[in-house]
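A.B. asks: The following comprises the amino acid sequence and a computationally predicted model.
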Amino acid sequence: MKTKHLIISIIILAGLLSACSGAAFTPSGWPGLTADQNTAYLASAQFVYAVDLSNGSQKWRFPEKASSSVTFYSDPGVTPDKQIIVGSYDKILYSLNTDGKQTWTNKGNDHFIAGPLIMDQAIYAPNADKNLYAYDLKGNLLWQFKTNGPIWAMPATDKACGCLYVASMDHFIYSISTQNGSQNWKTDLGSALTGTPAVGTDGKLYDGNYNSEMIGLNASDGKINWRTPLKGRTWSGPAVDGDRIYFGDLNGNFYALQTSDGKILWQIQADGGIFGTPLVTKDTIYFATEAGSVYAVDKTGKVVWNLPVGGKIYTAPVSSGDMILVAPTGEQAALIALNTGGTQRWSFTPPK
Amino acid sequence: MWDVLIINPMVNLLLGIYSVLGHNFGLAIIVFTILIRLVTHPLTVSQLKGTQKMQEMQTSKKWQELQKKYKDDKQKLQQEQLKLYQEMGINPMSSCLPTVIQFPIMIGLYQAIMRALAVTPGQLLDLSRHIYPFINSAALIPLNNRFLWMDLSQPDRLFIPGISIGIPILAILVVITTYFQSKMMTPPSANPGDSSSQMAQTMNLTMPLFMGYISYLYSSGLALYFVVGNLIYIAQYAAMGKLNWQNVIPGFLKNSAKEVAPKKEASLKKK
C-alpha cells in the first residue's frame, strides 16, 4: 500500500466518523412552542422566532445570525413582565424582551432540554445537569435542587401546597417546596421519566414512565395508588380533565384513563407515535403524531377530524384563542395554525 | 443494513454487558473490546503470518536483485515487486487487512456508544427503537456515562486546579500506546532504506498522531476503546512471541547477547 493511499484511507475514515455521527455531541431534539394572545414563540434549531398570530408573519428572531453552537429545542416560557425565557443546548438560559433582544443569561452545566415553568415571580428551569434552578425575574439564582439524573421534563406545580413536582431521568419523582427547594418526598417510579407530571384537583399526580406504564400517586406523600400497563412508552405527561387523564404513547395509541383507579376507559390507534401532551378543550381533545397528522377526538374517543399536515410532529399542540398551533419538523413550514374545524389558517416558513 | 448488521448488535451487546457489570459503561466498553479482539484474533494471526512471509521475501536474493536493478525506476520496481508477490503466493494486503477490517468496527463502536448513551431526546428515541425486546432497557436507561474522571459521551478532559485547560489524558495515552504497538509489532527491516521500510516508518509516526487527534475530538468512550485495544494487541503479540522490543529499546538484542556471552563463557570455564 503506498503512503498516499494510506493517507487517503485515513482521511476517509475521519470523514466517515464525522459524517456518521459528527463530533462528540450533535444536538438532537424537536421544536419548543408556546403562545400568548398575540404571538407564538417557536424555538427551533438555531433560532427562537416570534410569529404574529394574526397572519403568521415573523416579528423577530433570536439571534440575528445563526451560530452552530447555539440550538434551541425547549418550550419557551413567558413571564408576567413579558420576558421570553428559553433554554438552549449550549447550556444557557436566555431572557429576551418583546423585541427579541437578550436581557440576561444564566449558565447551567448541561443542556436545557425542557422548558422553564414560570410561576408568579419565579422561573424554574430544569437542566440535564440534574439540577432544577430557581431564578427571580431578573435572573438571580434563588436556589437549586439536585436530583440523581438529567431532568428532561418541565416541573409541575400545585399552588395550594406551594409545591413543585419534578420528574427526573433517575426514575424518581420529587415533591419540593417552591420557597427554598427543600424536598418534601420522593418516589421511585421504576424507570426514566421524561414527561411533566399532571396535577389533578383531587390531590393526585399522574405521570408515565419509560417502562410503558401510567402511574397515579398521592401528591401529599408520593404513595403510588395504581399502575396501568400500556402498549407503548410514553414521552410527555398526560392532560388532566376532571376525573380523566388523556395521553398517547410512542406506538400511536391514545388513551383515556379514569383517575380514581387507572382503568382504561377507551383507547384508539392513531397513525404514528404521540409525543406531546394533548390539548384538551371543553368538548375536544387535540393531539399530533409522528406521522405528521393532527387529530381532534371527542371525549368518547370518536375521531372528529384528522388532518395530515406533513413532516413529523413531536411538539405538543398549543392553543391561542380559537387557533390550534402545531410545529412539524422536516417540513418547510415550521409552524402551522389550524382552525378548530380542522382547516389550515396559515403557516409560517422561516426565512433563510 | 448497517444498523441491522453492525450497530444494533453492538448496542445491545454493550447494554447486555453493562447490565451484568453493575451499570458501569466504562467496564462494558473494556469487556466489549476484549471480546472484539478475541473474535478477530484469527485475523491477527493471519496478519502476523502475512508479515512474516513478506519479511522472508524481502530478505531473499530475488528481492535484493530487483532493488538493485530498478533502483532508479520506482514504477518498474513496483511492477516487478507485484509479480514477485504473485509468484511467491503472497498477498501484500494480508498484512494490513486486519487494520482495514478494524475501520468499520471502530465506526460502528463509536456510533453504538453514542447511541447507547443517548444524551438528547432524539438519541433516546433512536436508542429505544434499536433495543432488542429481551433486553430490559427500562431498568438501564439512562446509562451511567461516568467512568473514573470521564464523561464517556464527551471528549476526555481532566481539569486540575490551577490549570485553566483540560488535559486530554486518554488522547495522550492513545498516542503513546498506538506508537508502542506500531513499533513493537513492526519486524526489523532487512533493508531499512527500501520503500516498504520507509512506509512502515511513516505509518509508525502518522498513525499515533492521527489516532490521538481522533481521540481528542471524539467521545472518551471511543478513546477508551483505542487504549484498551492497543494494550490487548500488544499482549496478543507478546503471547505469540512476536514482539520486537529492539524497535522500542535500541540495543535490546545486542545487550542481551553481551549478557549471554559472558555467562556462556563462565559456564564453559567451570566445565
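C.D. replies: Perfect, thanks for sending it.
A.B. asks: Any chance of the backbone angles for B:Val174?
C.D. replies: Phi and psi for B:Val174, reported as degrees, to the nearest 10, are phi -60, psi -50.
A.B. asks: Tally up the residues packed near it, please.
C.D. replies: By other CB atoms under 10 Å in any protein chain shown, the residues close to B:Val174 number 29. In short, each C-beta sits where N, CA and C put it, glycine included.
A.B. asks: shouldn't it be in contact with B:Ala223?
C.D. replies: Yes. Look at B:Val174 against B:Ala223 with CB atoms under 8 Å: they come within range, at 5.6 Å.
A.B. asks: Find the residues that touch each one of those two.
C.D. replies: Common contacts of B:Val174 and B:Ala223, defined by CB atoms under 8 Å, 6 or more residues apart in numbering or on different chains, comprise B:Ser215.
A.B. asks: How about B:Leu15, nearest residue that isn't a chain neighbour?
C.D. replies: B:Ile135 (5.4 Å; CB to CB, 6 or more residues apart in numbering or on different chains).
A.B. asks: Wait, the one you found touches B:Ile17, no?
C.D. replies: No. Judged on CB under 8 Å, B:Ile135 makes no contact with B:Ile17 at a distance of 11.1 Å.
A.B. asks: Tell me if B:Met54 really is in a helix.
C.D. replies: Yes. Going by DSSP: H, G, I helix; E, B strand; the rest coil, the assignment for B:Met54 places it inside a helix.
A.B. asks: any idea how far it is from A:Asn209?
C.D. replies: Using CB to CB, to the nearest Å, we find B:Met54 at a distance of 59 Å from A:Asn209.
A.B. asks: what about those two, which has more around it?
C.D. replies: Per other CB under 10 Å, whichever of B:Met54 and A:Asn209 has more neighbours is A:Asn209, with 23 against 20.
A.B. asks: List the contacts of B:Ser19.
C.D. replies: Taking CB under 8 Å, 6+ apart as the criterion, B:Ser19 is in contact with B:135-136, B:139-140.
A.B. asks: Output those in TSV; the columns should cover neighbour count, secondary structure and pLDDT.
C.D. replies: Converted to TSV, those look like this (neighbours: other CB atoms under 10 Å in any protein chain shown; DSSP: H, G, I helix; E, B strand; the rest coil; pLDDT from 0 to 100):
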residue	neighbour count	secondary structure	pLDDT
B:Ile135	16	coil	87
B:Asn136	14	coil	86
B:Ala139	14	helix	86
B:Leu140	19	helix	89
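A.B. asks: how about those residues, which pair is most distant?
C.D. replies: The two members of the contacts of B:Ser19 with the most space between them (CB to CB) are B:Ile135 and B:Ala139, at 9.7 Å.
A.B. asks: A:Val51 bridge partners, please.
C.D. replies: Beta-bridge pairing of A:Val51, defined through DSSP bridges, involves A:Ala40, A:Gln58.
A.B. asks: Model confidence for it, exactly?
C.D. replies: We have a pLDDT of 97 for A:Val51.
A.B. asks: Point out where the chain drops to low pLDDT.
C.D. replies: Because you didn't say which chain, this covers chain A. Along chain A, segments meeting pLDDT under 70 span A:1-28.
A.B. asks: should've been chain B
C.D. replies: For chain B, applying pLDDT under 70 flags the ranges B:91-99, B:185-200, B:243, B:245-271.
A.B. asks: And the helices in the stretch 1-150 of chain B?
C.D. replies: Assigned by DSSP state H, counting those that start in this stretch, the helices in the stretch 1-150 of chain B fall at B:2, B:8-20, B:25-39, B:41-58, B:61-69, B:74-87, B:97-117, B:121-128, B:137-140.
A.B. asks: Can you tell me which of those is nearest to A:Thr98?
C.D. replies: When these are compared by CB to CB, helix B:121-128 sits nearest A:Thr98, at 28.9 Å.
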